[in-house]
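1. Fold the following.
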Amino acid sequence: MLSIKQQILKRTFDVIASFLLLIILLIPLILLLFISRINLGLPGLFIQKRIGKAGKPFKMYKIRTLKGQKHHSFDEIESHQTKWGYWLRKSKLDELPQLLNVLIGDMSLVGPRPDLPGYADTLQGEDLNILKVRPGITGPATLKYKNEDQILRAKSNPQQYNDEVIWPDKVKINKEYVQNWTFYKDLQYIYKSVMCFK
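-> Alright, predicted model coming up:
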């Protein structure tokens, strides 16, 4: 588990890095939001309720990739996705607005991905340790399941496969992340994510 000093180190790095990245990426971010607005006919910024640290819900920001206001199930993603949205999701550029979530303290650059209600808020026992850290833009589970959409697309019942196979595995990975956290590992996950999704 993270000590007080480790938590301070992690948060300090998050604030400095997210602030600098937002300045550097502000114009590209605005451009991507504008293109999504034109391409999908809806506001480019998509806001969705997710579960954060200590099980508290927060509003997570993304660049809109799908037509329609709410998309929770795999089938909805498939039926509402455009070529533009597919590219954004695959490149992970749709996650850029989450730098604001990091800056204001809802998220961290590295950590367990924030889930929709019905997953992280149902954790019990030792699994609750996952909620002792801020959810992240990237992390070990995110990297392992970088092609999650493709994996699910190949399954006859993607929702069941997610709930029975992928989700429990993510919980296991995220518990290990929290229990064995080091600043160096966070830097490694950030580097791997940039190399993986660039």
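2. Distance of K132 relative to K90?
-> Taking Cβ to Cβ, to the nearest Å as the measure, K132 falls 31 Å from K90. Heads up, the C-betas are built off the backbone N, CA and C, glycines and all.
3. who's more crowded, those two?
-> A count of neighbours by other Cβ atoms under 10 Å puts K90 above the other of K132 and K90, at 15 against 12.
4. Please report how far the more buried one lies from P112.
-> Counting by Cβ to Cβ, the gap from K90 to P112 is 21 Å.
5. Kindly report the same for I47.
-> Using Cβ to Cβ, I47 is found at 20 Å from P112.
6. Give me the more crowded residue out of those two.
-> Between I47 and P112, counting by other Cβ under 10 Å, P112 is the more crowded of the two (26 against 12).
7. shouldn't the more buried one be in contact with W181?
-> No. Assessed by Cβ atoms under 8 Å, P112 is found out of contact with W181, at 11.4 Å.
8. Now do the shared contacts for these two.
-> Here P112 and W181 have V133 as joint contacts, going by Cβ atoms under 8 Å, 6 or more residues apart in numbering.
9. Who are the packing partners of the lengthiest helix in the chain?
-> Scanning the chain for the longest helix, with DSSP state H as the assignment, gives helix 4-40. With contacts taken as 3 or more Cβ pairs under 8 Å, 6 or more residues apart in numbering; DSSP states H and E, helix 4-40 sits against strand 57-63, helix 83-91, helix 98-104, strand 108-110, helix 183-197.
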